[in-house]
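Asker: got a predicted model here, sequence first, then my questions.
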Amino acid sequence: MMSDQIEVFVVCPADAIERSGAMGFSLSRIDDRGESRPFPIIVVRTFGNNYFGYVNRCPHESVWLNIGSSAFFSADSSFLRCGRHGAKFEIDTGMCIDGPCDGQSLEPVALAVIEDDVCVCGVKLLEDDRFADPFGDSDETMDITIHPD
C-alpha cells in the first residue's frame, strides 16, 4: 500500500463547463478528525482551455461568490466577483484586486484534467455516486454558514 498516493476525485466531465465559464459544486470534505465538512468549490474554464479551482468563499465575509445570483464573473467576464460586495478576483491567481478584501486571495483547489474529467486532487472528499444538479434551484442553500476547519 502506497502511503504517499494523492487522493483524486472526479468532479465533472471537462466539457460540462463551457470555455470562459464557471460552475459551482457543493462537495463534502473529510477533515482531520474524520468528520464531513461542507466544501463548496468553483471550477473555472478559461477561453484558452485552462481549468482553475477555488473554494467558493469570499475572504471578506466568507459568503459564496455567487450569493444572490448564479453569476461568478464581473459584467465583462474578465474577473471572478463576489455578489455581496462586488470584490473582483483574478481568474488565474484568485487574488482580489478590487473591493473590501483587496490584497487577499481565494483559497485555491488543486485540479487536474484526467481522461476528459475535471478532478480535485489532494483533498479527501466524501464519496457520493450522484452528481449534484448544477442547474437546480439552490437559492434556499445560499445562506448556510461555512465553519472553518
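Answerer: Sure thing, it's come through.
Asker: which residues are contacting stretch 78-92?
Answerer: Stretch 78-92 is contacted from outside by 22, 42, 44, 46, 50, 52, 54, 58, 60-61, 63-69, 71-74, 94-102, 105-106, using C-beta atoms under 8 Å, 6 or more residues apart in numbering. From N, CA and C alone the C-beta is placed, and that goes for glycine too.
Asker: may I have the phi/psi pair for residue 107?
Answerer: Note on residue 107: backbone dihedrals following degrees, to the nearest 10 are phi -80, psi 120.
Asker: ignoring the adjacent residues along the chain, who's closest to it?
Answerer: Excluding its sequence neighbours, the residue lying closest to residue 107 (C-beta to C-beta, 6 or more residues apart in numbering) is residue 55, at 4.0 Å.
Asker: dump the residue contacts of that neighbour.
Answerer: Residue 55 makes contact with 39-42, 106-109, according to C-beta under 8 Å, 6+ apart.
Asker: now it: phi and psi?
Answerer: Per-residue torsions, residue 55: phi -70, psi 130 (degrees, to the nearest 10).
Asker: so which residues of the protein form helices?
Answerer: Counting by DSSP state H, the chain forms no helices at all.
Asker: where are the low-confidence patches of it?
Answerer: Scanning the chain for pLDDT under 70 picks out 1-4, 128-149.
Asker: most neighbours out of the contacts of residue 55, which is it?
Answerer: Highest neighbour count within the contacts of residue 55, by other C-beta atoms under 10 Å: residue 106, with 25 neighbours.
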